[in-house]
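Enquirer: quick one: sequence and predicted model below, then my questions.
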Amino acid sequence: MPYETLPHTADVRIRVTASGLESLFAEAARAMAAIMAPGCVPERTVTREVTVEAEDLEGLLHDFLSELLYLFDGEGLLLCDCQVTLQEGRLTATCRGEGFSREKHAGGAEIKGVTYSGLRIYKEGKDDVLEIIFDV
């Protein structure tokens with residue numbers, strides 16, 4: 001998986017790398033799901049459409065991951081396979097996954113929120129990179 005965990009004193013900080021911003025956002029969703037349910041490959045039995053709007057890329061990423069976290073907390077959905085489209089301050093995604101089960105998806109961290117603190121999206125060579133902190 002194209003993400004790595006970075007040191008942080010209290011929360012979970014990750015770095016995601018991808019070729020292109022849409023892939024970067026999709027990989028961030030996959031990484032967040034992996035943190036909540038390590039080693040999980042959802043059966044993709046559920047599909048949800050997600051749309052968010054924001055003034056910048058960081059806001060789009062924050063709101064997108066927050067919406068996925070809301071669907072996890074509110075509907076018990078573990079969504080990690082997302083096809084993302086970005087257009088001028090708007091993100092639309094078709095996300096697939098399955099219902100969360102404590103038996104099947106044991107061992108993950110409980111993410112309480114997606115933070116703006118330390119949130120960065122930047123280029124590194126040909127790759128797009130993001131760093132983000134999840135409040136656990």
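Expert: Looks like it arrived, so ask away.
Enquirer: residue contacts, the most centrally placed residue in the chain?
Expert: When CA atoms, centre = their mean is applied to the chain, the residue found nearest the centroid is residue 29 (2.3 Å). Contacts here follow CB atoms under 8 Å, 6 or more residues apart in numbering; on that basis residue 29 touches 64, 65, 68, 79, 80, 82, 84, 93, 95. C-beta: built from backbone N, CA, C; applies to glycine.
Enquirer: which of the residues you listed has the weakest pLDDT?
Expert: Lowest pLDDT among the contacts of residue 29: residue 80, with 87.
Enquirer: neighbours of that one, how many?
Expert: Using other CB atoms under 10 Å, residue 80 has 24 neighbouring residues.
Enquirer: check for me that it belongs to a strand.
Expert: Yes - judged by DSSP: H, G, I helix; E, B strand; the rest coil, residue 80 forms part of a strand.
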